[in-house]
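[1] predicted model follows, preceded by the sequence.
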Amino acid sequence: MKYKITLNGKTYEVEVVEDKAILLAEYEAVAPQTAPATTTVIETSAPVAPVAAQPVGTVSANAVKAPIGGVVLSTISVGTTVKSGDVVVVIEAMKMENEIVAPKAGKVTQIYVSKGATVETGAPLFEIA
């Protein structure tokens, strides 16, 4: 079993196999912040620790939800026209790339996640109209 443990501001990824714990990764914990009224984009060349995905605004009941938790590797852009079965989001979970596809044809009207974000199972990913 794999566990994520946050202790004193650091997050540890630990795997327990046959009663032995193995440290997989260690990184600084990032506390979720409330979204400001306006969003400012800051470009940086330094790597940034993944932050949990936070849906912006209201989420429609038609939003496609994550079937598995993991890290978002890629998304397509809002406004892209897709066919049923086209890949919209790729999530890495347990070292596997999971393609999340469009359930119907249409135009992507909203993307709720960004590259590098961590999502939980059932989190909204995108909407298609």
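    Nice, I can see it.
[2] alpha carbons only for contacts and neighbour counts from here, please
    Fine.
[3] in contact with I76, which residues?
    88-89 (Cα atoms under 8 Å, 6 or more residues apart in numbering).
[4] same question for the one 4 residues further on.
    Contacts for T80 (Cα under 8 Å, 6+ apart) come out as 107-108.
[5] the bottom helix or strand of this structure by mean pLDDT?
    Within the chain, confidence by mean pLDDT, DSSP states H and E is lowest for strand 20-28 among all helices and strands, at a mean of 63.
[6] packing partners of the helix or strand following that one?
    Towards the C-terminus, the helix or strand next in line after strand 20-28, according to DSSP states H and E, is strand 64-65. For strand 64-65, the packing partners by 3 or more Cα pairs under 8 Å, 6 or more residues apart in numbering; DSSP states H and E come out as strand 124-128.
[7] in its sheet, what does the helix or strand containing S74 sit against?
    Counting by DSSP H and E, the element that carries S74 is strand 70-75. Partners of strand 70-75 in the sheet, by DSSP bridges, are strand 87-93 (antiparallel), strand 118-119 (antiparallel).
[8] per-residue pLDDT of the nearest residue to K83 once chain neighbours are set aside, please?
    Excluding the flanking residues, the one nearest K83 by Cα to Cα, 6 or more residues apart in numbering is A105, at 4.1 Å. Confidence per residue is given as pLDDT, and for A105 that number is 95.
[9] so how far is V59 from I91?
    Between I91 and V59 the distance is 20 Å, computed by Cα to Cα, to the nearest Å.
[10] between these two, which one's more packed in?
    Taking other Cα atoms under 10 Å, I91 and V59 do not tie; I91 has more neighbours (26 against 14).
[11] verify the stated contact: the more buried one with G70.
    Yes - with contacts defined as Cα atoms under 8 Å, I91 counts as touching G70 at a distance of 5.8 Å.
[12] which residues sit against the strand holding S74?
    Counting by Cα under 8 Å, 6+ apart, 88-94, 111, 113-120 sit against strand 70-75.
[13] following that strand, which helix or strand shows up next?
    Where DSSP H and E defines the elements, the next helix or strand beyond strand 70-75 is strand 81-82.
[14] strand partners (parallel or antiparallel) of that following strand?
    Here strand 81-82 has these sheet partners by DSSP bridges: strand 106-111 (antiparallel).
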